[in-house]
Structures are given as C-alpha cells and as structure tokens.
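Q: here are the coordinates; sequence isn't available:
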C-alpha cells in the first residue's frame, strides 16, 4: 500500500481552519441576504419616498429663500405655496416611514440606520416620535 502525498484534509475531511472560517463566512452571506431582503421590503420604498420628498422640500426652501427679498411678487407667492405643499408631503412621508412596523430585525436596522444618517432628531415633533415608538410595538 502506497501512502498518498495528499493530506486527509485536502481530500474533504473538515479541518479546524474550515470550521473557524465557516462562522464568519456564514455571517457575511446571511448579512448579504438580509440586506437584499430589506431592499425588497416596504421599508425600502418608504425610505425612497422620504428621500425624494425631502429633496423636493429642500429645493423649495432654497427657492423661497432666494425670492424672499420680494414677498409681494407672484414668484415668491408660488415658491411659498410650493414650500407649504412640499413640506406637508415630506412630513407625510416621514410619518409613514416612522410609523411602519418592521417585519423583521433587518427592516428595523435599515430604518434606524436611515434615520440616524438623515434626520435631525431635534425637529421630530411629538406625534412623529410617538408614531416611531409605536412602530416597535406588536
């Protein structure tokens, strides 16, 4: 009987190194799956809706500020109307996002991460904070 120069581990027997590497690899792949699942969930749409509303509202604020020197002009009045309308739309989008009950931990993490990166928590009004906190209740 001749001895093989190939180690037993190379032939498919699990090694300690394989077991040590499997845990982190599984966590990475699970994280990728969970991120993809969160991206396909309603939370992703709610975040995109809020981003768009926030961008439109920010632009309306800038237009209104640029025209504020002549508050009697038709352009300023239109900018002010846009500011009010788009501010309401942003507020509605934010309320919908904050009130959304996360279906799983990944949705909750996605929502929390977006909020931390985007929102100024000093301006969240009590009813929005209430909606956010209630979104965690079953």
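A: Noted; the coordinates are in hand. Everything quoted here is computed from the prediction, not taken from an experiment.

Q: so what pLDDT did the residue nearest to residue 51 when sequence neighbours are not counted get?
A: Using Cβ to Cβ, 6 or more residues apart in numbering and skipping residues adjacent in sequence, the residue nearest residue 51 is residue 118, 7.7 Å away. In this view, the C-beta of every residue, glycine as well, is placed from N, C-alpha and C. For residue 118, the model assigns a pLDDT of 85.

Q: what stretches of this structure score poorly on pLDDT?
A: Along the chain, the model assigns pLDDT under 70 to residues 1-39, 121-125, 138.

Q: And for stretch 110-117, what's in contact with it?
A: With contact meaning Cβ atoms under 8 Å, 6 or more residues apart in numbering, stretch 110-117 is reached by 38, 41, 43-44, 47, 50, 97-98, 100, 102.

Q: buried ones in that stretch?
A: For stretch 110-117, burial by neighbour count (16 or more other Cβ atoms under 10 Å) applies to 110-111, 114-115.

Q: Next: stretch 92-101.
A: Of the residues in stretch 92-101, 93-100 count as buried by neighbour count, 16+ other Cβ under 10 Å.

Q: Pick out whichever of the buried residues of stretch 110-117 sits closest to residue 128.
A: Nearest to residue 128 among these: residue 115, at 10.7 Å, using Cβ to Cβ.

Q: any idea which element the closest one lies in?
A: When elements are assigned from DSSP states H and E, residue 115 belongs to helix 105-118.

Q: Go ahead and report the secondary structure state at residue 88.
A: The three-state label for residue 88, taken from DSSP: H, G, I helix; E, B strand; the rest coil, comes out as helix.

Q: what's the neighbour count on it?
A: 12 (other Cβ atoms under 10 Å).
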